[in-house]
Structure formats: structure tokens, C-alpha cells
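**Student:** what's the 3D shape of this:
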Amino acid sequence: MPVRQINPTRSSDHQALVRDLVAEWTKPSGSPEPVILEELDQKRKLAHVYVVWTKWSDIDRVERSEIIMDAAEKRLSAQDVLNITIAMGLTPDEARQMGLAV
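**Tutor:** Numbering: from 1, shown residues only. Predicted coordinates for the structure are as follows:
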């Protein structure tokens, strides 16, 4: 079976989205989006982060996760970042389809 390299491309908005997400995660503005959902594990440590945001519509799912993790690295301690097992960016429609209450 052949092995192939995949070279991800980043949106030109990548850094701006990281910056906006960090700002909202640090000091919520009261705007309706993005909605940041933090799910804790049984030890009460952050395990999953879901970000519901209309701005995700033109961003592929892998990059959405990268943006969330880039923002987490700026917002959280290194240990908290290492505990995150799921970082998922969803549009409002995708969140509803998954049954996430936003």
C-alpha cells in the first residue's frame, strides 16, 4: 500500500480566527457567537472543547480543530491543553444535528 503525504492548507483567516476565539474565550463579549462548550472528564478536568460558530462554514473540519487548539494554547495551561482529547468546531446547523444544546 502506498504512503502519501498530505499537506494541509490553512485559511488566510486562520490567525484572525485564533485571535477572535482567544479574545472571546478569555473575556466573553456577550455576543451570540462563538459559543464555547467545555466538557469535563470524571476528574473534573477539561477533556472536550466544542466551538459553535457561523464563521466555520468555509473552514474545513481539520483546520477548525487546529484553530481551537491554537487558541487553547494561548488561553490555557500546558497541562490543560494536553488533557483535551476532542476539539471540534461546528456551525450552528452541525451542532443541532449532533444534538448539542447551544
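**Student:** tell me the contacts of the one residue sitting closest to the centre of the chain?
**Tutor:** With distances taken as C-alpha atoms, centre = their mean, the residue of the chain nearest its centroid is Ile68 (3.1 Å). Counting by C-beta atoms under 8 Å, 6 or more residues apart in numbering, Ile68 touches Leu21, Val49, Val51, Ala87, Met88, Gly89. Using the backbone N, CA and C atoms, a C-beta is placed for each residue, glycine as well.
**Student:** ditto for Val81
**Tutor:** The contact partners of Val81, by C-beta under 8 Å, 6+ apart, come to Met69, Ala72, Glu73.
**Student:** make it 7 Å
**Tutor:** Listed by C-beta atoms under 7 Å, 6 or more residues apart in numbering, the contact set of Val81 reads Ala72, Glu73.
**Student:** Next, the buried residues of the longest helix seen in the chain.
**Tutor:** Secondary structure of the chain per DSSP state H: the longest helix is helix 61-75. With burial defined by 16 or more other C-beta atoms under 10 Å, the residues of helix 61-75 counted as buried are Glu63, Arg64, Ser65, Glu66, Ile67, Ile68, Asp70, Ala71, Ala72, Arg75.
**Student:** how distant is it from the center of its chain?
**Tutor:** Computed by C-alpha atoms, centre = their mean, to the nearest Å, the chain-centroid distance of helix 61-75 equals 5 Å.
**Student:** One more: stretch 22-42?
**Tutor:** Mean-position distance between stretch 22-42 and its chain equals 10 Å (C-alpha atoms, centre = their mean).
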